[in-house]
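Chemist: Structure, please.
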Amino acid sequence: ARALEEGRDFSKAIDAYLRITDQHSSDHDFLEAAWENAVKIAMNHVTERTSEVVATVAHRLVEVSRFPQAAELYEGIDSYRQAVDVYIKGGLWKQARALARAQAPELVEAVEERYVQHMEGNQDGDGL
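Modeler: You can find the predicted model right below:
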């Protein structure tokens, strides 16, 4: 992947970074770095692939429980609904609520309803 990147074959470099999966390594830091390289290359050199690459990488980050990183990728391309969903999936309610309030006011009511359901399900009335 690095050789392709250095050779300026950016689309193939993205593909090579994305071929690295949790079947190749159990080191989540390594996987995150490789996948984020794919995102950086897409954003800087193959912009027409940015949304596709972010969606792929964010999905993989969620699979390895890297919720904040996945949500931040979505935020980086203004996909606030997906970012909020990832924060919620990771139980990061403070971030989900803050993002909805700041960037996606149309989501605030739905996020608050889900938060109340979550708190009631956990019998944590004090958190409301």
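
Chemist: can you pull the buried residues of stretch 3-10?
Modeler: L4, E5, F10 (16 or more other Cβ atoms under 10 Å). No exception for glycine: its C-beta is placed from N, CA and C like everyone else's.

Chemist: Give me the local confidence score for the last one.
Modeler: For F10, the model assigns a pLDDT of 97.

Chemist: Look up the closest residue to it, ignoring the ones flanking it.
Modeler: With Cβ to Cβ, 6 or more residues apart in numbering as the criterion, F10 has its nearest non-adjacent residue at 4.1 Å, and that residue is H45.

Chemist: Could you count how many residues lie near the one you found?
Modeler: For H45, the neighbour count with other Cβ atoms under 10 Å is 15.

Chemist: ok now the longest helix anywhere in the chain, how far from the chain's centre?
Modeler: Criterion DSSP state H: the longest helix present in the chain is helix 28-45. The chain centre lies 12 Å from the centre of helix 28-45; the measure is Cα atoms, centre = their mean, to the nearest Å.

Chemist: would you put the C-alpha positions of that helix in PDB?
Modeler: Taking C-alpha atoms only, helix 28-45 is exported to PDB below (Å, rounded to 0.1, in the frame of the first residue of the first chain):
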ATOM      1  CA  HIS A  28      -6.600  -2.500  16.400                       C
ATOM      2  CA  ASP A  29      -4.300   0.400  16.500                       C
ATOM      3  CA  PHE A  30      -2.500  -0.900  13.400                       C
ATOM      4  CA  LEU A  31      -5.800  -1.500  11.600                       C
ATOM      5  CA  GLU A  32      -7.100   1.900  12.500                       C
ATOM      6  CA  ALA A  33      -3.900   3.600  11.200                       C
ATOM      7  CA  ALA A  34      -4.000   1.600   7.900                       C
ATOM      8  CA  TRP A  35      -7.700   2.300   7.300                       C
ATOM      9  CA  GLU A  36      -7.300   6.000   8.200                       C
ATOM     10  CA  ASN A  37      -4.500   6.200   5.600                       C
ATOM     11  CA  ALA A  38      -7.000   5.100   3.000                       C
ATOM     12  CA  VAL A  39      -9.300   7.900   4.200                       C
ATOM     13  CA  LYS A  40      -6.600  10.500   4.000                       C
ATOM     14  CA  ILE A  41      -5.500   9.500   0.500                       C
ATOM     15  CA  ALA A  42      -9.100   9.600  -0.600                       C
ATOM     16  CA  MET A  43      -9.700  13.100   0.900                       C
ATOM     17  CA  ASN A  44      -6.500  14.500  -0.500                       C
ATOM     18  CA  HIS A  45      -6.100  12.700  -3.900                       C
END
